[in-house]
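Participant: Sequence first, then the predicted structure:
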Amino acid sequence: MNFDCFVIRYFPDSSLFFITATSRSGRSYGEIIQHYLEGSASKINFRVARLVLNGLNNQEFFNVGMRSTSPIRSAESYRISAGANTDRTISDSTGAKYAPGHFFGRAVNGAGRTELIGASGGGRVWSTGRNSIKSVVDWVSELHARITAKHVSIGKSGLDRLRLGEPLEQIPLDTVMADWGPDAYKTAPSVRWQDGDVSVASNILDCDIRSFQVEDDQSSLSFDIADENHRVSIRYDPSASPSYSIMGNSPLRLLVEANDHQFIGIDEWLDDVSLTYFTKNLATFADGTLHEVVPSISLNAESLRPRVWDGCDISTEFGPAKAEGLVSIQPFLKDILVASGPTFLIYDHRSGEAADFIVGRSVDEQLVVELHHCKGAGGKPGAGRVDDVYEVAGQAVKSARFFDKEFLLQHIKRRTLERRNGGHSPVLVSDRESIIRLIESTDPISFRLVVFAVQPGLSAASLDDESADSVRRIMAAANDWVGQDCEIYWTISD
């Protein structure tokens with residue numbers, strides 16, 4: 001039998017609630033907050049957590065975590081730097097791309113004593129040498145005093161070069177999509193869709209996060225997690241604990257395999273991992289912090305790939321065209337890709353896709369993989385409709401994670417395998433085994449990723465118009481994010 005100790009203290013004047021525990025389960029914290037505060041509490045962001053350094057001098061950090069502000073979930077989504085005075089190695093260029101995730105180091109307090117202290121986003125603070133309940137209570141009081149002090153004095157350090165972001169006061173009304181955290185892409189946890197005695201196995205990466213709806217008061221949002229045959233609705237309320245809850249009374253449950261190989265509810269799993277949410281202009285927020293996109297309307301003309309769409313119903317992405325004699329965008333593009341003589345071609349259009357089409361080309365001893373994302377036009381070709389561009393831009397940015405060859409390989413292995421209880425992504429050119437062997441035999445240095453955002457509703461001639469400023473900003477932001485790791489092109493109308 002295992003026992004845990006919880007030391008709880010609430011400060012009414014500041015409304016700060018401290019939990020010190022031997023159990024570090026986020027769900028345990030949530031149950032305590034639900035019991036004492038009826039769930040009405042939100043985690044403090046890093047800007048507030050950093051105040052535990054208030055009044056400390058001679059700060060030296062030997063472990064610093066930095067969270068990438070890019071919405072692309074790659075192996076570098078979280079970078080850890082360790083060593084003596086490691087914060088001094090943070091450069092201005094690193095600071096432009098990363099936000100603080102955690103720190104741990106030593107400093108001298110007002111009493112002249114050296115103390116070890118660490119903190120991270122979400123309000124976690126830790127130290128050493130607190131080996132009695134009294135010492136823990138005294139330490140919590142000291143932390144509270146530092147956080148709430150009217151005078152703030154935090155010594156300079158390399159942490160100052162990192163982007164703090166802004167506290168998330170309200171959920172942006174134009175929140176339109178989200179992505180799994182980096183751990184989900186590394187571990188690809190199994191899931192079970194459970195409806196009574198019926199259980200269907202799948203993978204979290206084969207599920208979509210979609211159908212976002214922000215409440216009018218911007219206090220919470222709802223979304224669906226779904227595959228081709230199942231759907232659960234989730235509410236996210238950053239001011240509540242737990243922050244995620246299931247909506248409705250459906251008997252269908254989505255269970256996720258946690259780190260201890262036990263299956264837990266999707267709401268519990270989401271409370272322990274971090275989703276990144278996107279707005280229409282590709283600003284992101286997570287863990288109570290909002291990171292805006294640096295404004296830019298400079299769009300590199302070399303990223304544009306205009307073409308003629310004769311015979312295509314550009315308003316329909318897939319399925320039957322709306323007019324006789326025309327085809328929708330996906331079959332139109334498929335014929336073009338097949339005719340181009342690729343080494344392989346996979347149709348991946350379904351929940352959890354890497355792109356609508358995955359194309360491989362062996363070029364000059366390199367394997368070039370193209371990801372083509374399609375979106376139907378909202379009208380005649382032009383450049384004034386933001387709705388024509390934000391979704392395909394977001395898809396392009398999210399798919400840039402596949403610049404890591406292993407991510408792509410595992411995705412193709414999983415998606416092209418025929419399963420009894422689920423669909424698969426058909427291979428249109430070559431075969432599954434040959435594709436896997438080719439990717440496995442390709443050295444990482446010989447692997448190159450190119451992302452294509454296909455939107456015939458955009459007109460190259462119209463992108464110079466003043467009315468296209470908002471569209472150009474979104475396209476330029478996508479180019480900036482994706483261009484850090486791979487190439488991006490826009491397949492549009494001439």
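Facilitator: Received, thanks.
Participant: now the strands: where do they sit in the stretch 51-200 of the chain?
Facilitator: 57-68, 78-82, 98-108, 114-120, 124-127, 166-167, 175-179, 190-195, 198-203 (DSSP state E, counting those that start in this stretch).
Participant: Low-confidence stretches in this protein?
Facilitator: Scanning the chain for pLDDT under 70 picks out the ranges 25-27, 70-77, 130, 294-297, 383-384, 421-422, 484.
Participant: ok, Ser141 - contacts?
Facilitator: With contact taken as Cβ atoms under 8 Å, 6 or more residues apart in numbering, Ser141 is in contact with Arg9. (C-beta placed from N, C-alpha, C; glycine too.)
Participant: quick revisit: same list, the strands of the stretch 51-200 of the chain, but as a markdown table with distance to Ala145 and mean neighbour count please.
Facilitator: Below are these laid out as a markdown table (distance: least, Cβ to Cβ, whole Å; neighbours: other Cβ atoms under 10 Å):
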| stretch | distance to Ala145 | mean neighbour count |
| --- | --- | --- |
| strand 57-68 | 16 | 19 |
| strand 78-82 | 30 | 14 |
| strand 98-108 | 15 | 21 |
| strand 114-120 | 14 | 18 |
| strand 124-127 | 13 | 16 |
| strand 166-167 | 21 | 14 |
| strand 175-179 | 36 | 21 |
| strand 190-195 | 45 | 17 |
| strand 198-203 | 47 | 16 |
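Participant: Out of those strands, the one nearest Gly288 is which?
Facilitator: Between Gly288 and the strands of the stretch 51-200 of the chain, the tightest spacing by Cβ to Cβ is seen for strand 166-167, at 6.6 Å.
Participant: Run the chain-centre distance for that closest one.
Facilitator: 17 Å (Cα atoms, centre = their mean, to the nearest Å).
Participant: strands paired with that strand, and their directions?
Facilitator: Here strand 166-167 is paired, per DSSP bridges, with strand 289-291 (antiparallel).
Participant: sorry, back to before: okay, the strands of the stretch 51-200 of the chain in TSV with distance to Val389 next?
Facilitator: Formatted as TSV, the strands of the stretch 51-200 of the chain follow (distance: least, Cβ to Cβ, whole Å):
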stretch	distance to Val389
strand 57-68	23
strand 78-82	29
strand 98-108	26
strand 114-120	35
strand 124-127	38
strand 166-167	25
strand 175-179	12
strand 190-195	32
strand 198-203	30
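Participant: Relative to Gln395, which of those is closest?
Facilitator: Taking the strands of the stretch 51-200 of the chain one by one with Cβ to Cβ, strand 175-179 is closest: 8.3 Å.
Participant: partners of that closest one in the sheet?
Facilitator: Strand pairing for strand 175-179, using DSSP bridges, gives strand 276-279 (antiparallel).
Participant: Identify the residues contacting the nearest residue to Arg88 once chain neighbours are set aside.
Facilitator: Nearest non-adjacent residue to Arg88, counting by Cβ to Cβ, 6 or more residues apart in numbering: Gly158, 5.0 Å away. Contact analysis of Gly158 by Cβ under 8 Å, 6+ apart lists Phe61, Val64, Thr86, Asp87, Arg88, Thr89, Ile90.
Participant: Now a PyMOL select for only the buried ones of those residues.
Facilitator: Buried residues within the contacts of Gly158, by 16 or more other Cβ atoms under 10 Å, are selected in PyMOL with:
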select buried, resi 61+64+86+87+90
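Participant: Go through the contacts of Gly158 and say which is closest to Leu417.
Facilitator: Val64 (40.6 Å).
Participant: is it true that the closest one touches Thr94?
Facilitator: No. With contact defined as Cβ atoms under 8 Å, Val64 does not reach Thr94; the gap is 10.4 Å.
Participant: Determine the number of other residues adjacent to Ser243.
Facilitator: Neighbour count of Ser243, defined by other Cβ atoms under 10 Å: 21.
Participant: One more: Asp138?
Facilitator: By the criterion of other Cβ under 10 Å, Asp138 has 12 neighbours.
Participant: quick one: it from Leu56, how far?
Facilitator: Plainly put, Asp138 is 16 Å away from Leu56 if you go by Cβ to Cβ, to the nearest Å.
Participant: same question, Gly129
Facilitator: 15 Å.
Participant: Likewise for Lys405?
Facilitator: Distance from Lys405 to Leu56, by Cβ to Cβ: 44 Å.
Participant: got it, and Trp269?
Facilitator: Distance from Trp269 to Leu56, by Cβ to Cβ: 36 Å.
Participant: again with Asn300
Facilitator: For Asn300 relative to Leu56 (Cβ to Cβ), the value is 46 Å.
Participant: Setting aside sequence neighbours, what's the nearest residue to Val359?
Facilitator: Spatially, and ignoring its direct neighbours in sequence, Val359 is nearest to Glu370 (4.0 Å; Cβ to Cβ, 6+ apart).
Participant: Check whether the one you found really touches Val454, as I assumed.
Facilitator: No. Taking contacts as Cβ under 8 Å, Glu370 lies outside contact range of Val454: 10.9 Å.
Participant: who has more neighbours, those two?
Facilitator: Val454 (26 against 21).
Participant: For the stretch 201-350 of the chain, which segments count as helices?
Facilitator: 266-272, 329-339 (DSSP state H, counting those that start in this stretch).
Participant: Pick the most buried one from the ones you listed.
Facilitator: Comparing the helices of the stretch 201-350 of the chain by mean neighbour count (mean count of other Cβ atoms under 10 Å), helix 266-272 ranks first with a mean of 20.
Participant: Can you report how many residues neighbour the closest residue to Asp174 other than its chain neighbours?
Facilitator: Spatial nearest neighbour of Asp174, excluding adjacent residues (Cβ to Cβ, 6+ apart): Lys280 at 4.3 Å. By the criterion of other Cβ under 10 Å, Lys280 has 20 neighbours.
Participant: what's the spacing between Lys280 and Ala178?
Facilitator: Taking Cβ to Cβ, one finds Lys280 at 13 Å from Ala178.
Participant: how big is the angle separating the helix ranked longest in the chain from strand 114-120?
Facilitator: Criterion DSSP state H: the longest helix present in the chain is helix 133-148. Angle between the axes of helix 133-148 and strand 114-120 is 70 degrees (criterion: axes from the mean of the first three to the mean of the last three Cα atoms, to 10 degrees).
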